[in-house]
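In: Quick one: sequence and predicted model below, then my questions.
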Amino acid sequence: SDLFDMYPPSLKLIDVAKVLLCITMLLTFPLPFFACREMMIVAALVTKRADIGFQLTSDEESDGENRNNLAAPLLMAPQTSSDSDDDAQEPVTTTQGDTSRDSTLPVWCISERQLALPYHIGITFLLWGTTIFLAIVAPNLGDVLNIVGCATGTVIAFILPALFSLKLKGYTHLAGFLLIVGVVVGGLGTFFSVKKLIGDSIEAVAPS
């Protein structure tokens with residue numbers, strides 16, 4: 001938005017561009033919710049199925065095309081079992097008798113990537129409330145980007161690759177170096193970013 005300050009205030013088209021930018025941001029804001037909510041579901045299912053010793057069958061592993069279909073509805077109804085699935089694992093039939101669901105799924109899921117409606121609404125409002133709270137308390141966008149970059153950027157770029165290498169290949173000097181750099185840089189950067197955010201927040205609310 002600072003880009004618009006380069007133009008003279010008398011230019012009316014700049015006001016139109018500002019309104020269009022606001023509309024764009026308003027419509028773009030919900031998009032991260034889909035990815036965040038889906039990753040939370042997938043992570044929860046992996047943990048749940050690991051506790052019960054569940055393993056994917058070959059049919060489920062080859063079903064990635066359907067699960068990654070962007071045209072699929074967001075709130076899918078439970079699917080009925082087909083004749084071709086009779087030889088596979090028998091799903092649990094619901095009380096209505098005309099729908100069924102995967103017996104390995106917990107009660108809060110209707111599919112591997114979709115929550116039941118009450119949980120769907122609840123987790124969406126939780127994510128929305130968290131982002132709104134952070135937007136209210138953060139004095140400026142720069143402080144938020146500093147924390148995100150230091151806290152998550154170093155984890156993704158340094159710490160996780162090093163941990164993957166240590167897990168798959170064992171210790172190497174490169175993996176150890178990346179891990180140390182990620183922990184030190186990420187820790188110090190996050191500390192000073194949070195310190196700056198707190199200082200800026202106090203300064204913003206302090207009476208002048």
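Out: Cool, the structure landed.
In: what's next to the one helix or strand V148 maps to, contact-wise?
Out: Assigned by DSSP states H and E, V148 falls within helix 141-148. Contacts to helix 141-148, defined as C-beta atoms under 8 Å, 6 or more residues apart in numbering, come from residues L134, A138, G189, T190, S193, V194, K196, L197, D200. C-beta coordinates here come from the backbone N, C-alpha and C atoms, glycine included.
In: my read: the last one touches S193, true?
Out: Put plainly, it is D200. No: using C-beta atoms under 8 Å as the test, D200 is too far from S193 to be in contact (10.6 Å).
In: before we move on, back to that, of the contacts of helix 141-148, which pair is most distant in space?
Out: Spanning the widest gap among those are L134 and G189, at 18.3 Å by C-beta to C-beta.
In: on that earlier part again, using CSV, list the CA coordinates for the helix holding V148.
Out: This file holds the C-alpha atoms of helix 141-148, laid out as CSV (Å, rounded to 0.1, in the frame of the first residue of the first chain):
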residue,chain,number,x,y,z
LEU,A,141,3.3,-5.6,9.3
GLY,A,142,7.0,-5.5,9.5
ASP,A,143,7.1,-6.9,13.1
VAL,A,144,4.8,-9.8,12.1
LEU,A,145,7.0,-10.6,9.0
ASN,A,146,10.1,-10.5,11.2
ILE,A,147,8.7,-13.1,13.6
VAL,A,148,7.3,-15.3,10.9
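In: Least confident secondary structure element in this protein?
Out: Lowest on mean pLDDT, DSSP states H and E among the helices and strands of the chain sits strand 92-93, with a mean of 44.
In: Put the alpha carbons of the helix or strand L27 falls within into PDB.
Out: If you go by DSSP H and E, L27 is part of helix 12-28. Output of helix 12-28 as PDB, limited to C-alpha atoms (Å, rounded to 0.1, in the frame of the first residue of the first chain):
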ATOM      1  CA  LYS A  12      -8.600   9.800  -8.400                       C
ATOM      2  CA  LEU A  13      -7.500   6.500 -10.100                       C
ATOM      3  CA  ILE A  14      -5.200   5.900  -7.100                       C
ATOM      4  CA  ASP A  15      -8.300   5.800  -4.800                       C
ATOM      5  CA  VAL A  16      -9.900   3.200  -7.200                       C
ATOM      6  CA  ALA A  17      -6.700   1.200  -7.000                       C
ATOM      7  CA  LYS A  18      -6.700   1.300  -3.200                       C
ATOM      8  CA  VAL A  19     -10.300   0.000  -3.100                       C
ATOM      9  CA  LEU A  20      -9.500  -2.800  -5.500                       C
ATOM     10  CA  LEU A  21      -6.500  -3.700  -3.400                       C
ATOM     11  CA  CYS A  22      -8.700  -3.900  -0.300                       C
ATOM     12  CA  ILE A  23     -11.200  -6.200  -2.200                       C
ATOM     13  CA  THR A  24      -8.300  -8.400  -3.400                       C
ATOM     14  CA  MET A  25      -6.900  -8.800   0.100                       C
ATOM     15  CA  LEU A  26     -10.400  -9.400   1.500                       C
ATOM     16  CA  LEU A  27     -11.000 -12.200  -0.900                       C
ATOM     17  CA  THR A  28      -7.500 -13.600  -0.600                       C
END
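In: which parts of that helix are buried?
Out: I14 (16 or more other C-beta atoms under 10 Å).
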